[in-house]
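Student: What follows is a predicted protein model with its sequence.
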Amino acid sequence: MNIGKIQYSDLTRDRSRIPSHIAVIMDGNGRWAKRQGLNRVNGHNEGVNSARDAIEASVDLGVKYLTLYVFSKENWNRPEFEVNCLMALLVETIFKEIDSLMEKNVKVVPIGEIDDLPRDARKSLDDVIFKTENNSGMTLFLAISYSGREEIVKAVNRIINDGIKSIDEDIFKNYLYAGNIPDPELMIRTGGDLRISNFLLWQCAYTELYISDKFWPDFRKEDFLAAIADYQKRERRFGKTSEQIR
Ligand code: IPE
Ligand code: IPE
Ligand code: MG
């Protein structure tokens, strides 16, 4: 399949160079809308298309885990109208996309404080979790009401409650929302800001960062593939020298 300049086959020539886990900070919806004189909410609506593209491309490439930053804990502090629209969009999007997620054999798993969600949003989320539970393809982690610091503090509290006196990194990791899955090899942020915004703080210790100046609604399949192509050119040294890893 030919998408823009980069083809799937360019990326899959060496399967070991396909990230097993990609995380995405889908930022810039508000600015995208403002740029064309629209309400911020229109940007969120449009951003759904880019999320669908990212999911499709990931499934097609055989990415095992995709984590999308949908709504941060801090995003609750936005104007009530915007928060309500985002919650309504979550319900609508799950309703519209659930069949396609089933077709693609995608399993949806939330990470974050989903008990904070309003009842209808929580119900939609529960529906898609339940329906896709036995799917064996890609796992789609939806970070909703998510805070990286809170995830770490909650993990520590659960460890204390379990009466564990001493831990190592592997034990600790099991207490994070997603448990023992590979750290993201690649983290994409759109909208041009050079920060992590409280996303996957533990997990991104050695993650390759790819920042795009495009706003999320403009970041479509070819851009997602370009991010992976860029990742494939990186030399991941993990503290070693170049010579050691060649
Ligand atoms: C990201 O886009 C979506 C959410 C945070 C929910 P923004 O709404 O943050 O868009 P900008 O950054 O204001 O342009
Ligand atoms: C990060 O974007 C959260 C999501 C994309 C869901 P923000 O727009 O909330 O991040 P900051 O506030 O600019 O750091
Ligand atoms: Mg933003």
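Tutor: Perfect, I can see it now. Numbers count the residues shown, from 1 in each chain. Ligands and ions are numbered 1, 2, ... in the order given.
Student: Please enumerate the helices of the chain.
Tutor: Secondary structure of the chain by DSSP state H: the helices cover 8-12, 29-35, 40-61, 80-103, 119-132, 148-161, 169-174, 221-232, 242-245.
Student: Give me the contact list for the longest one.
Tutor: The contact list for helix 80-103, computed with C-beta atoms under 8 Å, 6 or more residues apart in numbering, reads 40-41, 44-45, 48, 51-52, 55, 70-71, 75-76, 108, 117-118, 120-121, 124-125, 127-128, 131-132, 135, 140, 144. For glycine as for every other residue, the C-beta is placed from the backbone atoms N, C-alpha and C.
Student: Recalculate using a threshold of 7 Å.
Tutor: 40-41, 44-45, 48, 52, 71, 76, 108, 117-118, 120-121, 124-125, 127-128, 131-132 (C-beta atoms under 7 Å, 6 or more residues apart in numbering).
Student: now do the second one
Tutor: Outside helix 29-35, the residues within contact range by C-beta under 7 Å, 6+ apart are 39, 40, 42, 43, 44, 46, 47, 191, 215, 216, 217, 218.
Student: Now find how far off-centre that helix is within its chain.
Tutor: 21 Å (C-alpha atoms, centre = their mean, to the nearest Å).
Student: Can you list the buried residues in it?
Tutor: Residues 29, 30, 32, 33 are the ones in helix 29-35 that count as buried (16 or more other C-beta atoms under 10 Å).
Student: cool, and the fourth one?
Tutor: Along helix 80-103, these residues count as buried under the neighbour rule (16+ other C-beta under 10 Å): 85, 86, 87, 89, 90, 91, 93, 94, 97, 98, 101.
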